[in-house]
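In: based on what follows, work out the 3D shape:
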Amino acid sequence: MIKNIAIIGGGAWGTALAHTSALAGYKVNIWAREQEVVKTVSIDRENKMFLPGIILDSRINISSNFSYVTTNADVVILVVPSQHFQNVCEQLSSSLTNDMPMIICTKGIEIKSGLLMSEILSKIFPLNTIAILSGPTFAFEVALGKPTALTLACNDENVSLELIETFNKTNLRPYLSNDIVGAEIGGAIKNVIAIASGITIGRGLGDNARASIITRGFAEMLRLAVSKGANRETLMGLSGIGDLLLTCTSSQSRNFSLGVELGKGNKLVDIVNKRKAVTEGVANATAVVEMSKKYNVKMPISEAVVKVLGDISSIDDIITDLLARPITSE
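Out: You can find the predicted model right below:
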């Protein structure tokens, strides 16, 4: 039975998961790298850096010490940026036992290795059960107690049922899957497509163009996922099309809002420098395109996002190139 939860990552999503879990009666420890987060959560019961405005439950403790956070934990939830995931997990390795389930909430692909987060975790923790929790989620809404449905992907049926029972006591509604790759691919690619979606709005191209980007972007996501061994049905669900729709249509999305600013002509470096939280799609665009080349999958929208982010071509030239692509069937 799960009573104690360790959450690795003190960003908005990690904090929201901690808060909703604590409200459900669980004892929660958060590991955070930022000393400002540790201080404000400890003293003010508020993550002023990443989740301001939410007074956190008193059952939450926070520390920058891995051993303290994981002591007596029944499950570990990983919510750190994708490009720091491996480094944090390596530091964490001496603090965990082999029988402790690990839930990945990080969405992305590591650039230097081209690996999914589950592939990285399997190398470092080969004996631990791995699960993916992914879907259309904005941290602030979860922290406010609003109902939220997600995909919980895990290959161990007993662990899956235990995790489902745990999350069902919160405002989260998890749906079971055994397709870890599909759940991860959806979460990684949707951030890239969301940047493209934002660009269309920032450029004043209209909702018709945005709908086209979302639809054809989903086709790219589906092709790559299937090529990597995922089930098509997974991408039709919450961790695929569900997450894509939310991220591509709301100004709450960091990736969509970044795309809007790019579409308006603002420079990437200026946009990023104004933000405290990581915008995963910026790093993951390159990783997604590299993975598509490995599996020989055509992903023109994702490639276009890489060109915009790298300032390789102007947005107008990229739009012209996309519209000039050969006509094909759906």
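In: CA only for contacts and neighbour counts going forward, please
Out: Noted.
In: doesn't I30 belong to a strand?
Out: Yes - counting by DSSP: H, G, I helix; E, B strand; the rest coil, one finds I30 located in a strand.
In: the closest residue to R173 other than its chain neighbours - how many residues pack around it?
Out: The shortest distance from R173 to any non-neighbouring residue, by Cα to Cα, 6 or more residues apart in numbering, is to A149 (4.4 Å). Residues lying near A149 (other Cα atoms under 10 Å) number 17.
In: A149: what secondary structure?
Out: Classified using three-state DSSP, A149 is strand.
In: right, and it touches L238 too?
Out: Yes - taking contacts as Cα atoms under 8 Å, A149 lies within contact range of L238: 7.3 Å.
In: who touches both of the two?
Out: Applying Cα atoms under 8 Å, 6 or more residues apart in numbering, one finds that A149 and L238 are jointly contacted by G135, P136.
In: quick one: mean pLDDT for the helix or strand hosting D321?
Out: Assessed by DSSP states H and E, D321 sits inside helix 315-323. The pLDDT scores in helix 315-323 average 78.
In: same check, this time on stretch 43-63
Out: On average, stretch 43-63 scores 97.
In: on that earlier part again, how close does the residue nearest to R173 get to R210?
Out: 24 Å (Cα to Cα, to the nearest Å).
In: and what of T234?
Out: 23 Å.
In: between those two, tell me which one has more neighbours.
Out: T234 (25 against 20).
In: for that one, give me its contacts.
Out: S177, D179, G182, A183, G240.
In: just C248 next, same as before
Out: Residues counted as contacts of C248 (Cα under 8 Å, 6+ apart) are K190, I193, A194, I195, S197, G198, I214, F256.
In: so the second one sits against S302, correct?
Out: Yes - using Cα under 8 Å, I193 and S302 qualify as a contacting pair, with a distance of 6.7 Å.
In: shared neighbours, these two?
Out: With contacts taken as Cα under 8 Å, 6+ apart, I193 and S302 have G217 as neighbours in common.
In: okay, those two: which has more neighbours?
Out: Neighbour count, other Cα under 10 Å: between I193 and S302, I193 has more, with 32 against 24.
In: secondary structure element holding the more buried one?
Out: Judged by DSSP H and E, I193 forms part of helix 180-202.
In: and that helix with helix 315-323, angle?
Out: 120 degrees (axes from the mean of the first three to the mean of the last three Cα atoms, to 10 degrees).
In: what mean pLDDT would you report for helix 180-202?
Out: pLDDT averaged over helix 180-202 gives 96.
In: next one: stretch 248-264
Out: Per-residue pLDDT values over stretch 248-264 give a mean of 95.
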